[in-house]
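In: model the following, please.
(2 chains)
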Amino acid sequence: MVNRETWDWNNGSRAICDLGALEDRFDEVHELTASPDGERIAAPVLTAPDTFSVAVNDQRWEGEFEKAWHLAFTPDGRLTALVRIDDEWTLAIEGEPWEDRWEFAWNPIFSRDGSVIAVQIKDNMEYTVAVNGTAWEKKFPSSRGLALSPDGKRAAAVVQVEPLAEADVFGFFEGTWSLAVDGEPWERKFINAYGPTFSEDGERIAAEVRLDICEYTLAEDSVPWDNRFGCIWEPSYRNGSSHLLAPVRVAGSWTIAENGEPIWASRFMQLWNQRLSPDGSRIAAVATTSFGQWSVVVDDRLWKSSFDDMVLPPVFAPDGSRVAATVRSKGRWGLAVDDRPWTETFDMAWDPIFSPDGARVAAKVERDGRFAVFMDGRSWSPWFDMLWDPIFSPDGTRMLVRAVENGTLVRHVVDVATGFQS
Amino acid sequence: MADLEDMKIIDPGVDDNIAKLTPERIERTVNKVLTQETAARLKIYMDTCVHCGLCADSCQSYVSRDKDPDYAPVAKVKDTIWEMVRRKGKVDAEFLHNAARIAFIDCGACRRCSMYCPFGIDISYLIMTTRRILNLLGVVPQYLQDTTNSHAATMNQMWVQQDDWIDTLMWQEEDAQVELAGTRIPLDKEGADIMYSVIGPEPKILAQLIANMAIIFKVAGADWTMPSTDGWDNSNMAMYSGDFETMGRVERLHWDRASQLKVKRVVMGECGHAYRGAVYDGPRWLGWTKPPIPMVHAVEYYYDIIKSGRIKIAHKYEGSVTVQDPCNIVRGRGLQDKLRYVVNAICEDFRDMDPHYEHNYCCQAGGGLINCGPPWKRSRMKSNRIKAEQIHGTGAHMVITPCHNCHSGIEDIIGHYKLGCHVSFISELLVKTMEMSEA
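Out: Numbering: from 1, shown residues only, chains lettered A, B, ... in the order given. Below you'll find the model as predicted:
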């Protein structure tokens, strides 16, 4: 979990890195990644022909690699990159590669506090998972999809458990896919498995499974629900309980099922991207009742406003009382909060961010290639050349803005109430 | 009468699965689709058709097979979905064997016939409904089903492993840099203007096309990216096998990936059926009226960057060329003029086919036909003699095919009918003819 308490929340602006100097120093500077606390900015850089390193502010990692990409900061603020050394791949953390390397490594994911990192790996033409640098013993013909429990104590992957000959359509429908949890595959095989999801306490895991040509359900700890559905989307656990839910398609319409039974009276043409309030008591999801009538449904009640292009996954306020979503309508992006669309629209809008008390909603937005923070529907910051998502201080009174202006990453801490003073 | 040789072809995906069916399951499945999935559209089409036969001459298989009436679109419908409706689902194994051949092999769902139907009946929809029924019965040609299985398991058409995808992009980036220093394939660049998506065969067997596009983007000064994980494949053979649930899952992931990358638009490679899947059939099944984020076919993109001067042609290709109008981007999207603008911009000697534009004959490979594999290749060739005659009539030495199915299908036709010419994607010509600098 990101610990924002320790960050510098003193008001003011501080230059962090001259990106122009970085460009001058290296032949190539690839995509930039800013740390959540705004103190560091990193990018893969070409240091010599076919030789990469990672630049962090005005320093660079000592190590050099044949490749370096997929830079990401863990929730506890460590910088990671996928790197290739001597034609083998591994993960490097703050410049230090894991000891073990493999034929390939990709898709790093982090536990909630960042202490556990899992990656998918290929080793000797077989697939498995490495957790904090240690590979599972069992390997599989293929692996797709990876999950960690929130505490990082358990890991799971969608795995192919039986090899399949070319064009063996009969073997395929006998079931060749399953889940492997902490390295051990479920005994039961399925035609397909998707979307592994752990419960909050990590004790249970569920996934979408396919049982026949057009027969889907959820399997929890390898046991399928009794009910079958025409289609299904990824599951969620209610926070604080073992209750499992997913959008399901019944007789051509979609609704939410919990523990195998539909729980909403409403039926939709489409329903997906359900999100749970922090206490698990409320459900919000994206739905459409007819072609191009996209909206948000909260606890079985559909918003009155709708959007013809799309609605992105809804976001709950920390206390669960409010819901916001990024929306696209008539080719323009915007936000809608509690069924009220912002009047301002944008070339692009990022996810809504609630203040800790839920009273305010901010988002990064783009117009004409420039970026700004909008708050509660109104302009709140200047326009920048680059911008990362704004972050509220723990008490909600200040905002951290990580922005590039005139070629420099600047870290701004600004009073939410007053905004940027010109 | 339908071709006896074709009628005798045994396809395990069709025949082994038919052998497992019971009359009750067949009847139940047919009636489920007729009552729960087709609604008014099917009934209106069925009731409107007056059996006039004006669709017959529009179909390349009918024309190519000496006007055998069994290959007229109206006959294909009569021998498939009409009979299922008339018999209320009480059809037998022999019927299903023939229905599968007709629906999956003899009709490419190209929709040429609908233009000649006095009522504009979407005859392709009737054939696709037949395919849907057959899919739910498990009766799908083996190789097409295998492609659909790949979509279901891997979210791409060719069983491409996740690491192979990333690795391919990386070595294609290196290959592109040999041609033009500084060329990149930026992965997962959030906020890029363009997400570029391709079809599964590109990383599997035609990887140089990705390098070509990287070079074109570089020269055009595009801000672009490709996703490093599933959702990169815009193709969708599940659409053609009748597995609409898998089709929807694949399309959802493609658009999810575009929205996660916060791109303004998706530019797709030179493929026709993928355009249909990502723009029409997929979005509709999911509840969209159109793609949630604008989708730009490669032909439109090339047109924009040539017309706007963002790329300049240094020297035109001098050989004689003709062009195949892919059904899904010409009849389905109206890109014929932009296509010719691009071809004329890069080629000295362009010779049009006759007929052309939306009246051009189908390649007999799209619609899932070529994915039905080797057992059916000879049948496809017999059904497209007219295309061979069209190509031969132009005298061109190269057929430009801005569609993967057209590309492969016409390559087969050229070989089968010994036409002595070649096929090319536009990007292959563009990288040879455009001005390149390392600026």
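In: can we go C-alpha only for contacts and neighbour counts from here?
Out: Noted.
In: find the centremost residue of chain A, please.
Out: residue A:109 (9.3 Å; C-alpha atoms, centre = their mean).
In: now do that one against chain B, distance only.
Out: Using C-alpha to the nearest C-alpha, to the nearest Å, one gets 13 Å for the distance from residue A:109 to chain B.
In: element containing that residue?
Out: Assigned by DSSP states H and E, residue A:109 belongs to strand A:104-110.
In: averaged pLDDT, that strand. What do you get?
Out: On average, the pLDDT along strand A:104-110 is 98.
In: that strand: what's the following helix or strand?
Out: In N-to-C order, the element after strand A:104-110 by DSSP H and E is strand A:117-123.
In: how about residues contacting that next one?
Out: A:102-111, A:127-133, A:143, A:146, A:148, A:152, A:155, B:163 (C-alpha atoms under 8 Å, 6 or more residues apart in numbering or on different chains).
In: next, the contact list for residue B:313, please.
Out: So, once contact is read as C-alpha under 8 Å, 6+ apart, residue B:313 ends up touching B:345-346, B:433-435.
In: could those residues be laid out in a markdown table, adding pLDDT and secondary structure?
Out: Formatted as a markdown table, these follow (pLDDT from 0 to 100; DSSP: H, G, I helix; E, B strand; the rest coil):
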| residue | pLDDT | secondary structure |
| --- | --- | --- |
| B:345 | 98 | helix |
| B:346 | 98 | helix |
| B:433 | 98 | helix |
| B:434 | 98 | strand |
| B:435 | 97 | coil |
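In: what's the separation between residue A:73 and residue A:39?
Out: 12 Å (C-alpha to C-alpha, to the nearest Å).
In: burial count for residue 388?
Out: With no chain named, the answer covers chain A. Around residue A:388 sit 22 other residues, with neighbours defined as other C-alpha atoms under 10 Å in any protein chain shown.
In: oops, chain B please
Out: Neighbourhood size, residue B:388 [other C-alpha under 10 Å]: 20.
In: flag every residue of chain B that's near chain A.
Out: B:13, B:36-37, B:135-136, B:138, B:142-143, B:145-146, B:149, B:152-154, B:161-163, B:186, B:189, B:243, B:245, B:262, B:264, B:284, B:286-293 (C-alpha under 8 Å from any C-alpha of the partner chain).
In: residue in the stretch 301-439 of chain B nearest to chain A?
Out: residue B:373 (10.3 Å; C-alpha to the nearest C-alpha).
In: quick one: residues contacting that residue.
Out: B:142-144.
In: out of everything not next to it in sequence, what's closest to whatever residue of the stretch 101-250 of chain A ends up closest to chain B?
Out: Relative to chain B, the nearest point of the stretch 101-250 of chain A is residue A:167 (5.2 Å; C-alpha to the nearest C-alpha). Counting by C-alpha to C-alpha, 6 or more residues apart in numbering or on different chains, residue B:146 is the residue found nearest to residue A:167 once chain neighbours are left out, at 5.2 Å.
In: mind checking what helix or strand follows the strand or helix carrying the one you found in sequence?
Out: In the assignment (DSSP H and E), residue B:146 maps to helix B:142-154. Scanning forward in sequence from helix B:142-154 by DSSP H and E, the next helix or strand is helix B:162-179.
In: and chain B, what are its domain boundaries?
Out: B:4-140, B:154-303, B:312-433 (automatic domain parsing).
In: could you tell me the end-to-end distance of the second one?
Out: Put plainly, it is domain B:154-303. So domain B:154-303: terminal residues 33 Å apart, C-alpha to C-alpha.
In: same check on the shortest one?
Out: Chord length of domain B:312-433, first to last residue, is 9 Å (C-alpha to C-alpha).
In: just how off-centre is it within its chain?
Out: 13 Å (C-alpha atoms, centre = their mean, to the nearest Å).
In: again, but for the second one
Out: Per C-alpha atoms, centre = their mean, the displacement of domain B:154-303 from the mean C-alpha position of its chain is 15 Å.
In: follow-up on the earlier one: list buried residues within the residues of chain B next to chain A.
Out: Among those, those scoring as buried are B:13, B:135-136, B:138, B:142-143, B:145-146, B:149, B:152-154, B:161-163, B:186, B:189, B:243, B:245, B:262, B:264, B:284, B:286-293 (criterion: 16 or more other C-alpha atoms under 10 Å in any protein chain shown).
In: and the strand or helix carrying residue B:212, what other elements does it pack with?
Out: According to DSSP H and E, residue B:212 maps onto helix B:208-220. Other elements packing on helix B:208-220 under the criterion 3 or more C-alpha pairs under 8 Å, 6 or more residues apart in numbering or on different chains; DSSP states H and E are helix B:162-179, helix B:201-205, helix B:426-433.
In: mind listing what's buried along the longest strand along chain B?
Out: The residue-count maximum for a strand in chain B (DSSP state E) belongs to strand B:317-323. Within strand B:317-323, the residues scored as buried using 16+ other C-alpha under 10 Å are B:317, B:320-323.
In: what average pLDDT does that strand get?
Out: 98.
In: that strand to helix B:426-433, inter-axis angle?
Out: 170 degrees (axes from the mean of the first three to the mean of the last three C-alpha atoms, to 10 degrees).
In: related to what we said a few turns ago, which outside residues touch the helix holding residue B:146?
Out: A:144, A:167-169, A:172, A:192, B:11-14, B:156-161, B:230, B:236-238, B:241, B:243, B:246, B:249-250, B:368, B:371-373.
In: among those residues, name the ones in helices.
Out: The helices, defined by DSSP state H, take in A:169, A:172, B:12-14, B:238, B:241, B:246, B:249-250 from the contacts of helix B:142-154.
In: can you redo those residues as JSON lines with distance to residue A:326 and pLDDT?
Out: Listed next are these as JSON lines, based on distance: C-alpha to C-alpha, whole Å; pLDDT from 0 to 100:
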{"residue": "A:169", "distance to residue A:326": "41", "pLDDT": "98"}
{"residue": "A:172", "distance to residue A:326": "39", "pLDDT": "98"}
{"residue": "B:12", "distance to residue A:326": "48", "pLDDT": "97"}
{"residue": "B:13", "distance to residue A:326": "44", "pLDDT": "98"}
{"residue": "B:14", "distance to residue A:326": "46", "pLDDT": "98"}
{"residue": "B:238", "distance to residue A:326": "30", "pLDDT": "98"}
{"residue": "B:241", "distance to residue A:326": "35", "pLDDT": "98"}
{"residue": "B:246", "distance to residue A:326": "27", "pLDDT": "98"}
{"residue": "B:249", "distance to residue A:326": "22", "pLDDT": "98"}
{"residue": "B:250", "distance to residue A:326": "23", "pLDDT": "98"}
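In: neighbours around residue A:378, how many?
Out: Counted with other C-alpha under 10 Å, residue A:378 comes out at 12.
In: pLDDT at it, what is it?
Out: 97.
In: quick one on the thing from earlier: would you reformat the domains of chain B as TSV and include distance to residue A:386?
Out: Formatted as TSV, those follow (distance: least, C-alpha to C-alpha, whole Å):
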stretch	distance to residue A:386
domain B:4-140	46
domain B:154-303	10
domain B:312-433	31
